[in-house]
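Enquirer: What follows is a predicted structure for the sequence shown.
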Amino acid sequence: MDTVEVAGLRIGYQRAGTGQPLVLLHGAYEDSRVWRRQLEALSDEFTVVAWDAPGCGASADPPPDFSGVDLAEALAGFLRLAVPDRPHLLGFSMGSGIALELYRAHPDIPSSLLLVSAYAGWAGSLPPEEVERRYAQVLAELEQPPEQFIPVWLPTLFTHRADPAAVQEKSGIMAGSRPIGMRALLGANGHADYRDVLRTIKVPSLVLYGAEDVRAPQSVALEMHRQIPGSTLVIIPDVGHQVFVEAPEAFNTEVRRFLRGVAAG
């Protein structure tokens with residue numbers, strides 16, 4: 001792990017490869033370890049950088065009132081220090097909310113956006129009753145040991161076809177999560193609505209989902225695609241929410257295809 005200090009906050013990250021930078025933003029109950037397959041496979045063509053969000057992995061714990069805006073500013077500071085060129089920015093699930101928050105404030109930073117299993121914030125993509133159900137669920141989980149809530153999450157992240165070893169690896173990463181990191185991600189996404197941001201996006205954008213995602217279903221994917229001008233929609237069949245873990249080869253292929261298209265102009 002490498003680290004940088006952003007406004008007094010230590011940020012940990014992994015870096016692999018050379019080439020145009022691709023920055024990976026993980027989702028709930030995760031850290032940069034979840035991107036192992038992308039760090040290994042895509043680093044032959046890109047400089048792949050996977051951060052640990054504040055309160056996750058090797059990064060320091062943020063203050064209790066850390067907000068979505070604070071997360072985006074931490075990311076902006078991190079990118080200025082650790083990624084010298086304009087990066088391609090890939091956000092998964094709750095990480096997509098950080099990417100959109102960053103774009104709202106700093107649209108000049110990313111050269112493209114890749115939004116995976118993404119939401120326009122929960123409030124921007126889900127019915128109000130589902131937003132409140134999820135919000136209450138996570139708040140309750142912050143008081144529970146991981147072994148209590150992990151079995152609840154796993155069936156919503158993978159299909160029954162998923163490699164058991166991949167599911168077990170994800171479970172181990174979740175077990176190492178810290179409540180304060182999840183609280184920060186919840187603050188960024190729980191009641192956020194980024195639909196106003198989607199309409200302003202001017203960089204090349206990929207929205208990529210698993211066909212059997214029960215957390216961000218195809219209705220969410222189609223609406224994200226509709227609202228982001230000129231976006232590319234890819235739906236990978238037979239996989240769920242954790243598409244880059246469940247189908248890494250198909251996922252990496254689509255990421256390469258999109259980024260090569262951006263480079264070709």
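Expert: On my side now, so go ahead.
Enquirer: what pairs with Ile236 across the strands?
Expert: Note on Ile236: beta-bridge partners by DSSP bridges are Gly210.
Enquirer: Spell out, range by range, the helices that occur in the stretch 151-265 of the chain.
Expert: According to DSSP state H, counting those that start in this stretch, the stretch 151-265 of the chain carries its helices in the segments 164-175, 179-189, 195-198, 218-227, 243-246, 248-264.
Enquirer: Most tightly packed of those?
Expert: Among the helices of the stretch 151-265 of the chain, helix 243-246 has the highest mean neighbour count (mean count of other Cβ atoms under 10 Å), at a mean of 26. Glycine gets a C-beta too; all of them are placed from N, C-alpha and C.
Enquirer: Show me what that helix is packed up against.
Expert: Judged by 3 or more Cβ pairs under 8 Å, 6 or more residues apart in numbering; DSSP states H and E, the packing partners of helix 243-246 are helix 36-41, helix 164-175, strand 205-210, helix 248-264.
Enquirer: how big is the angle separating the last one from helix 164-175?
Expert: Computed with axes from the mean of the first three to the mean of the last three Cα atoms, to 10 degrees, the direction of helix 248-264 lies at 70 degrees from that of helix 164-175.
Enquirer: Any chance of the helices and strands packed on helix 243-246 in JSON lines with distance to His26 and mean pLDDT as columns?
Expert: JSON lines is the format used below for these (distance: least, Cβ to Cβ, whole Å; pLDDT from 0 to 100):
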{"stretch": "helix 36-41", "distance to His26": "11", "mean pLDDT": "98"}
{"stretch": "helix 164-175", "distance to His26": "9", "mean pLDDT": "97"}
{"stretch": "strand 205-210", "distance to His26": "15", "mean pLDDT": "98"}
{"stretch": "helix 248-264", "distance to His26": "14", "mean pLDDT": "97"}
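Enquirer: need those in TSV with distance to Val152, can you?
Expert: TSV is the format used below for the helices and strands packed on helix 243-246 (distance: least, Cβ to Cβ, whole Å):
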stretch	distance to Val152
helix 36-41	24
helix 164-175	11
strand 205-210	19
helix 248-264	24
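Enquirer: who wins for proximity to Glu129 among those?
Expert: strand 205-210 (22.2 Å; Cβ to Cβ).
Enquirer: What lies in contact with that closest one?
Expert: Contacts to strand 205-210, defined as Cβ atoms under 8 Å, 6 or more residues apart in numbering, come from residues 112-118, 159, 216, 218, 220-221, 224-225, 228, 230-236, 238-243, 246-247, 251, 254-255, 258.
Enquirer: From the chain's centroid, how far away is it?
Expert: Computed by Cα atoms, centre = their mean, to the nearest Å, the chain-centroid distance of strand 205-210 equals 12 Å.
Enquirer: then it to CSV, C-alphas only?
Expert: In CSV, the C-alpha atoms belonging to strand 205-210 read as follows (Å, rounded to 0.1, in the frame of the first residue of the first chain):
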residue,chain,number,x,y,z
SER,A,205,-19.4,7.9,-19.8
LEU,A,206,-20.0,4.2,-19.5
VAL,A,207,-22.8,2.8,-17.4
LEU,A,208,-22.2,-0.9,-16.8
TYR,A,209,-24.5,-3.4,-14.9
GLY,A,210,-25.1,-7.0,-14.3
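Enquirer: if we can go back for a sec, could you dump the helices of the stretch 151-265 of the chain into CSV and include distance to Glu147?
Expert: Formatted as CSV, these follow (distance: least, Cβ to Cβ, whole Å):
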stretch, distance to Glu147
helix 164-175, 7
helix 179-189, 14
helix 195-198, 37
helix 218-227, 30
helix 243-246, 20
helix 248-264, 26
